[in-house]
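Chemist: no sequence for this one, just the structure:
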């Protein structure tokens, strides 16, 4: 894998680069937010390990900017452990969150889990989902609504694709978490709520009154045909 490690603590970067290269990965390093964004714009990475407290541009903003044009998996590395920080990381598009200090074996396991979820949940090549004004090209994960293209993250696309394939079927938050993130994902159902809210903000004319992704209060989410 091509991995980018973004952290301003050089000893941590050195240790991560050494440990990850031992497994045959190609690892690059960036030491501030600006450098990270520049490297991501010039090279395709399989996963990004992103520290939260960075010089120049913090990890939240780096994640947000990356998500404007890329679905590369991102694991946030940070000393902060409060639930609010974890939720904020997910709000900005992170796929997982590891709190320092961490065991390198745990981090490797998280990397492998994210990569398995990313690839195992990818739709079959060449298929298209078309329902109402929505058309999803699942081979290259492109979303079109009324002919206009919307840039969705991997998880946002998977949620929308799943709901569109089963119109009027209500999926509980627990079921969506299990299907889209996998049963081994350590997070909770708030992860689903965060991604659905971000999805609505992108595709709904009025996110407060959605016409595509509906809520069945106390039950879950569904696409209304």
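Modeler: Structure received. Since the model is a prediction, treat every value here as computed from it, not as a measurement.
Chemist: pLDDT score for the residue found closest to residue 158 once you drop the neighbours it is linked to in the chain?
Modeler: Nearest residue to residue 158, sequence neighbours excluded (C-beta to C-beta, 6 or more residues apart in numbering): residue 180, at 4.8 Å. (Glycine included, C-beta is placed from N, CA and C.) Model confidence at residue 180, given as pLDDT, is 86.
Chemist: can you report phi and psi for residue 180?
Modeler: Per-residue torsions, residue 180: phi -80, psi -40 (degrees, to the nearest 10).
Chemist: isn't it right up against residue 163?
Modeler: No. Between residue 180 and residue 163 there is no contact under C-beta atoms under 8 Å: 10.6 Å.
Chemist: okay, these two: which has more neighbours?
Modeler: residue 163 (27 against 22; other C-beta atoms under 10 Å).
Chemist: tell me the secondary structure at residue 39.
Modeler: helix (DSSP: H, G, I helix; E, B strand; the rest coil).
Chemist: that one contacts residue 30, correct?
Modeler: Yes. With contacts defined as C-beta under 8 Å, residue 39 counts as touching residue 30 at a distance of 5.4 Å.
Chemist: with neighbour numbers in mind, choose between those two.
Modeler: Set residue 39 next to residue 30 and count neighbours by other C-beta under 10 Å: residue 30 wins out with 23 against 16.
Chemist: dump the residue contacts of the more buried one.
Modeler: Residue 30 makes contacts with 4, 5, 6, 36, 39, as judged by C-beta atoms under 8 Å, 6 or more residues apart in numbering.
Chemist: 6 Å - rerun?
Modeler: Neighbour list for residue 30: 6, 36, 39 [criterion: C-beta atoms under 6 Å, 6 or more residues apart in numbering].
Chemist: bridged to it, which residues?
Modeler: residue 6 (DSSP bridges).
Chemist: which parts of this structure are strands?
Modeler: 2-6, 26-30, 47-51, 74-78, 96-99, 128-131, 134-137, 142-145, 148-150, 171-172, 213-216, 220-223 (DSSP state E).
Chemist: among these, which is nearest residue 190?
Modeler: Among those, the nearest to residue 190 by C-beta to C-beta is strand 96-99 (12.1 Å).
Chemist: so how far is that closest one off the chain centroid?
Modeler: 12 Å (C-alpha atoms, centre = their mean, to the nearest Å).
Chemist: just checking, what packs against it?
Modeler: Packing partners of strand 96-99 (3 or more C-beta pairs under 6 Å, 6 or more residues apart in numbering; DSSP states H and E): strand 74-78, helix 104-120.
Chemist: again, only using 10 Å
Modeler: Secondary-structure packing of strand 96-99 (3 or more C-beta pairs under 10 Å, 6 or more residues apart in numbering; DSSP states H and E): strand 47-51, strand 74-78, helix 83-91, helix 104-120.
Chemist: tell me which of these is the most buried.
Modeler: Most buried of those, by mean neighbour count (mean count of other C-beta atoms under 10 Å): strand 47-51, with a mean of 26.
Chemist: show me what that strand is packed up against.
Modeler: strand 2-6, helix 10-21, strand 26-30, helix 33-42, helix 59-67, strand 74-78, strand 96-99, helix 104-120.
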